[in-house]
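In: just a sequence and a predicted model for now, questions to come.
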Amino acid sequence: MITIGYCTKKIDPTFKEYIEKSCGVHKMEVIPFENPGTHSLSEAYNIILEKATNDIVVLCHDDLYFEKKNWGNKILKLFKRNPEYGILGVAGTKFFPKSARWWEITEEMLGVVNHQQGEKKWTNQYSESKGSKLDDTVIVDGLFIALNKTKIKHTFDESFDGFHFYDLGFSFKNYISGVKIGVFYDVRITHLSIGETNNKWESNRLKFLSMYEDKLPILIPTKFNKKPIKKGEPLVTLAMPIYNYAKRLNPTLQSVYNQDYTNFEITLVNDGSDDQYCLMKLDSLEGQEGIRIIHKENTGVSDTRNVAVREGKGEYILPLDADDMIYPGYLKMGVNLIKKNPKISPVYCDTVHVGEMQGLEKRPEWSKERLLQGPFIVNSSMYSREAYESVEGYNTEMKGWVDYDLWVQMMDAGFIGKRIPKGLFIYFHHESEGKGSVSTSARQNMGELHKTVLERHNNRNKKNND
């Protein structure tokens, strides 16, 4: 019913026995291939495939162990429940870049793999575990490959010598030939070594590119499942500008779809991006329920936010940058507060910092006096369309602090802010900060920006009093 094969320098009877006992399948065969360096891994696996008497074959490394027994039966059930798949693995990616470094966009990677080296243990969790469900991928990692011989169209490419790119040469060639490939989660594996690149890996990478460069990059669209809209919920517009940085877009969008508030739309406005992955990602999102994509020339983040708000149809607006996230409950709490008092805008919360900086930042309670002292309200704060339309919108002339300027505008128009004393907004700090970004420029010119906001505030008050 199932064949397990592995390549090893010298056959260890105890590992073979471990495979047999942990697999849990009554009718099985184990084919160890002793390889003292005479064969490439592609050659070794092809020999195992030729010898295998079963259609379902597992090819794995000899330096792993399984967290639970009966894993073989789970593999068989996966293929039985999903007969359209030809190749399955424990890790893979939806995005294969032009460089062929398949881990380049970690947010497109899928799978969960445990590691152990000596006493040190850790987990590479590329995505949330989905139990017995499968996720489509372009390739799978060679640590553990399960396949159905009747479904694959190509065996391992023996032009990849040594022990690198055998897995990509096999799975990618099958993928572009129409074989369905996926990652599974309900068999947890611990790898007892760390995969590393070397000169042979690099030479095989260049060989791979010479064969498949015209097929790259490839991206499988990520599907976001929108919950049925509950009656009586007014529409919320998530106003989301994006410019070239789409690496965090998956978790950002997923955080919106995870909300317990269901009536939302995402207006995703592309501010003239020219990054290839970003453009591919936006194209892959076209037509998804709850997402509207707008392309325009590059005019800066302030104008892009204005476009996102004005193009939206929501009664309430929550700006959200394409690399930040929100916790469940934020939309519902914001809507409920403004519904009870239409003069509330914005509704803001405490900030959870992740990435290069981490921790919870508690925000002060709102007051006119405190607001005029300087910014303390996060940019991802909810406000009503009424509040937005009563002011000038985001100032396109300022280089920073445009959110603060908007909050002061709303205060001058008679609106009040309201704090939710919970960390519901997740701000992601990445390495590009500090290298000419708008936020860095704003930090360097805080005095001038504060002066500009206060001058605009005083001019409005003077005009209203005249």
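Out: Happy to help now that I have it.
In: so for the longest helix along the chain, mean pLDDT?
Out: Identified as the longest helix of the chain according to DSSP state H is helix 446-465. On average, the pLDDT along helix 446-465 is 92.
In: which stretches in the chain count as helices?
Out: Ranges of helices within the chain are 13-23, 41-51, 71-81, 166-176, 199-212, 249-257, 276-285, 301-311, 330-340, 368-373, 385-389, 402-412, 438-444, 446-465, based on DSSP H.
In: what's in contact with the longest helix of the chain?
Out: The set of residues external to helix 446-465 that reach it, using C-beta atoms under 8 Å, 6 or more residues apart in numbering, is 372, 374, 395, 398-401, 404-405, 408-409, 412, 442. From N, CA and C alone the C-beta is placed, and that goes for glycine too.
In: just the buried residues of that helix, please?
Out: Of the residues in helix 446-465, those buried by neighbour count under the rule 16 or more other C-beta atoms under 10 Å are 449, 450, 452, 453, 456, 457, 460.
In: distance to residue 85 added to those residues, as JSON lines?
Out: As requested, the buried residues of helix 446-465 are exported to JSON lines (distance: C-beta to C-beta, whole Å):
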{"residue": "449", "distance to residue 85": "55"}
{"residue": "450", "distance to residue 85": "58"}
{"residue": "452", "distance to residue 85": "58"}
{"residue": "453", "distance to residue 85": "57"}
{"residue": "456", "distance to residue 85": "59"}
{"residue": "457", "distance to residue 85": "61"}
{"residue": "460", "distance to residue 85": "62"}
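In: what's the farthest-apart pair in those residues?
Out: When the buried residues of helix 446-465 are compared pair by pair using C-beta to C-beta, the two farthest from each other are 449 and 460, 17.0 Å apart.
In: coming back round to it: out of the contacts of helix 446-465, which end up buried?
Out: Of the members of the contacts of helix 446-465, the ones counted as buried by neighbours, 16+ other C-beta under 10 Å, are 395, 398, 399, 400, 401, 404, 405, 408, 409, 412, 442.
In: any idea how far stretch 192-205 is from the chain center?
Out: Taking C-alpha atoms, centre = their mean, to the nearest Å, the mean C-alpha location of stretch 192-205 is offset from the chain mean by 25 Å.
In: can you list the low-confidence ranges for the chain?
Out: Low-confidence segments of the chain, defined by pLDDT under 70, span residues 431-444, 466.
In: for residue 188, find the nearest of the helices of the chain.
Out: Counting by C-beta to C-beta, and looking across all of the helices of the chain, nearest comes helix 71-81 at 8.5 Å.
In: which elements pack onto the closest one?
Out: Helices and strands in packing contact with helix 71-81 are listed as strand 2-8, helix 13-23, strand 56-60, strand 85-89, strand 144-148; criterion 3 or more C-beta pairs under 8 Å, 6 or more residues apart in numbering; DSSP states H and E.
In: angle of the second one against helix 71-81?
Out: Counting by axes from the mean of the first three to the mean of the last three C-alpha atoms, to 10 degrees, helix 13-23 lies at 50 degrees to helix 71-81.
In: so which bits of helix 13-23 are buried?
Out: Buried, per 16+ other C-beta under 10 Å, within helix 13-23: 15, 16, 19, 22, 23.
In: thinking the third one is in contact with residue 31, fair?
Out: No. The criterion here is C-beta atoms under 8 Å, and residue 19 misses it with residue 31 at 10.2 Å.
In: scan this protein for its longest strand.
Out: As assigned by DSSP state E, the longest strand anywhere in the chain is strand 416-429.
In: next, the buried residues of that strand.
Out: 417, 418, 419, 420, 423, 424, 425, 426, 427, 428.
In: with distance to residue 78 added, can I get these in CSV?
Out: Putting the buried residues of strand 416-429 into CSV (distance: C-beta to C-beta, whole Å) gives the following:
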residue, distance to residue 78
417, 51
418, 49
419, 48
420, 43
423, 38
424, 37
425, 38
426, 33
427, 38
428, 34
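In: farthest pair within those residues?
Out: Taking C-beta to C-beta as the measure, these reach their widest spread between 418 and 428, a distance of 24.6 Å.
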